[in-house]
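Asks: I would like to see how this sequence folds:
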Amino acid sequence: MQQKTMWTLERHSYLLALLALFITSVLCRPLLPIDETRYMTVAWEMFQTKNYFLLSMNFAPYHHKPPMLFWLINLSWQIFGVSRWSALIPVFFSSAAVLALSGVLAQKLYPDHQEKKEYVSWLLFGSLPFLIYASLVMFDLMLAALNLSVFIMALSHCEKPETRKTVFLGVLLGIGVLIKGPVVYLYTLLPLLFYPYWRFENHVITPKKLYTGLGIALAVSVIPIALWLIPALLQADKDFAYWLIWRQTAGRMEGNFSSSHVRPFYFYTMLLPLLFLPWAFFPSFWKNIKTLKQMDRPEKFILCATLPVFLCFSAIAGKQPHYLLPLLPLVTIALTRVLYSSLEIRKVRITALGVLSAIIVFQLIGNTTFFKDYDLSPIVTYYQANRDKDFAFVHKYQGEIGFLARIEKPIDSIEHNQLGAWFKDHPNGLAIVRRSDDEKFPNFDEVFSMPYRSRKLSVFRLKSQGHENEES
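Replies: Residues are numbered from 1 along each chain as shown. All right, here's what the predicted structure looks like:
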């Protein structure tokens, strides 16, 4: 029994390596503005207001993301208390699930090569994009774990059709929408539509019955969505419903949404080589890559699960590098065929741990150098010392300090040309301004300044002889 336990621990030792990455991130890296700090602020306001349906950021309705990540963070906070490390517990389990489920899917695709399960997990763990994003408070690896679960369940259903699997598939899809919106349907249903092309020999279900089952699953997926959406919409106005249900998706596709990150169609093509790092540095990668031209059914499935999605994302105007992360496990499984015969698992482990060590050293160095420009602790300390005053944030406040300062009231978000009018209404207030070195504000006194992302984050007050010095 003891020998079996040790063998199991060895096979899943990548989880211990992943834990080392998370511990280092908590100790050495600040929450990165603006994404991590914004999502933590949304979770904090949910915790404070106890409103688990209508999300808020700066205490105004927040329609950019669904609630699943924030629910899980709040569940962790209810158990372990409010802190950054406890918020990372669901993030850790999401990343761990991606590693484990990638191995399970590989085992499903290659049933005659059970040993590929551990190989894939280590290969994915050593992937540079995975290690960069694994410890970030974001949605994409959680979505990747959900996508893998859908594929595993769908393949199982194809082998042995059961009604309960169809229902469970629908529940998974609904949860996927609660993680990151309707894009889950693109990641998961699009590959399954190509079932006649990649259908395995042991699959007994016909394409017609599979498509019928997917239709039922699609209908079932509405149930978990409705359990969140209906209470949220009952609390919100019609503008919120419009932005949440329609404008979010359509605006990002068209590129006319303020946060759509418009980039050229070839943007993802330029990023594609990063998905193969560091494994592309091995000569066997280039030697064996041509073997993928001879595609068996597993490779056909992977092709259908990656290429159409990649092309769809390339056609959509709004693009971000992390949108490709849910495709990474599938790319890694394809890499297994390329590397498995010539790169033994011992070398894969050593390489993966080497990349992990480089990331850890990078964070250790960054802790005393470049991460200081992203560390908002000084401005948080200033805010907490003056939290009884009214605050404004000049130019698009994104919740940068909401969680960090445990803010309990809104911060006014204004533009530069509104600064004078705001101080007229709040003569004792303080304004946080993100600015460049050459920007001057002669009508106001600068009472605090810190470096921030190649610029400065300053606090100004109204120029007046009557002010007492605030604590800084």
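Asks: wouldn't Arg297 be in contact with Arg199 here?
Replies: Yes. Under the contact definition of CB atoms under 8 Å, Arg297 touches Arg199, with a separation of 7.2 Å. Bear in mind the C-beta positions are built from the backbone N, C-alpha and C, glycine included.
Asks: more crowded one of these two?
Replies: Counted by other CB atoms under 10 Å, Arg297 and Arg199 do not tie: Arg199 has more neighbours, with 17 against 14.
Asks: and the more buried one, what does it touch?
Replies: For Arg199, the residues meeting the contact criterion (CB atoms under 8 Å, 6 or more residues apart in numbering) are Cys158, Pro207, Arg297.
Asks: In terms of pLDDT, where does the closest residue to Leu353 other than its chain neighbours sit?
Replies: With sequence-adjacent residues excluded and distances taken as CB to CB, 6 or more residues apart in numbering, Leu353 is closest to Ala17, at 6.3 Å. At Ala17 the predicted local confidence, pLDDT, stands at 94.
Asks: Next one: Ala17 from Phe92, what distance?
Replies: With distances defined as CB to CB, to the nearest Å, the gap from Ala17 to Phe92 amounts to 12 Å.
Asks: Just checking the distance from stretch 305-316 to the centre of its chain.
Replies: Chain-centre distance of stretch 305-316: 18 Å, with CA atoms, centre = their mean, to the nearest Å.
Asks: What residues sit buried inside it?
Replies: Ala305, Thr306, Val309, Phe310, Phe313, Ile316 (16 or more other CB atoms under 10 Å).
Asks: Same check on stretch 94-113?
Replies: 94-110.
Asks: Would you mind finding the longest helix in this protein?
Replies: In terms of residue count, the longest helix belonging to the chain (DSSP state H) is helix 207-235.
Asks: Buried residues, the next helix or strand after that one. List them.
Replies: Of the helices and strands lying after helix 207-235 in sequence (DSSP states H and E), the nearest is helix 238-242. Along helix 238-242, the positions that meet the burial threshold by neighbour count (16+ other CB under 10 Å) are Phe240.
Asks: next one: stretch 437-454
Replies: Of the residues in stretch 437-454, Phe441, Phe444, Val447, Phe448, Ser449, Met450, Tyr452 count as buried by neighbour count, 16+ other CB under 10 Å.
Asks: Of these, which pair is most distant in space?
Replies: Based on CB to CB, the longest span within the buried residues of stretch 437-454 runs between Phe444 and Tyr452 and measures 18.1 Å.
Asks: Return the member of the buried residues of stretch 305-316 nearest to Ser341.
Replies: Within the buried residues of stretch 305-316, proximity to Ser341 (CB to CB) peaks at Thr306, which comes in at 22.0 Å.
Asks: Which other helices and strands does the host helix or strand of the closest one contact?
Replies: Counting by DSSP H and E, the secondary-structure element that holds Thr306 is helix 297-315. Judged by 3 or more CB pairs under 8 Å, 6 or more residues apart in numbering; DSSP states H and E, the packing partners of helix 297-315 are helix 84-109, helix 183-193, helix 195-198, helix 267-271, helix 328-339.
Asks: quick check, distance from it to the centre of its chain.
Replies: Here helix 297-315 shows a centroid-to-chain-centroid distance of 21 Å under the convention CA atoms, centre = their mean.
Asks: pLDDT averaged over it, what's the number?
Replies: If you average the per-residue pLDDT over helix 297-315, you get 93.
Asks: Report the angle between it and helix 84-109.
Replies: In this structure, helix 297-315 runs at an angle of 130 degrees to helix 84-109, with axes from the mean of the first three to the mean of the last three CA atoms, to 10 degrees as the basis.
Asks: what does helix 297-315 contact?
Replies: Counting contacts by CB under 8 Å, 6+ apart, the residues outside helix 297-315 that touch it are 109-110, 151, 186-187, 190-191, 194, 197-201, 265-269, 292, 295, 319, 323-324, 327, 330-331, 333-334, 337.
Asks: re earlier: count of residues packed around the residue nearest to Leu353?
Replies: 18.
Asks: list the buried ones in the helix or strand where it lies?
Replies: Ala17 is part of helix 14-28 when elements are defined by DSSP H and E. Neighbour counts using 16+ other CB under 10 Å place Tyr14, Leu15, Ala17, Leu18, Leu21, Phe22, Thr24, Ser25, Cys28 of helix 14-28 among the buried residues.
Asks: what about the protein, any weak spots by pLDDT?
Replies: Across the chain, the stretches falling below the confidence threshold (pLDDT under 70) are 1-11, 241, 243-261, 464-472.
Asks: Could I get the full set of strands for the stretch 351-472 of the chain?
Replies: Secondary structure of the stretch 351-472 of the chain (DSSP state E, counting those that start in this stretch): strands at 391-394, 412-414, 430-435, 444-452, 455-462.
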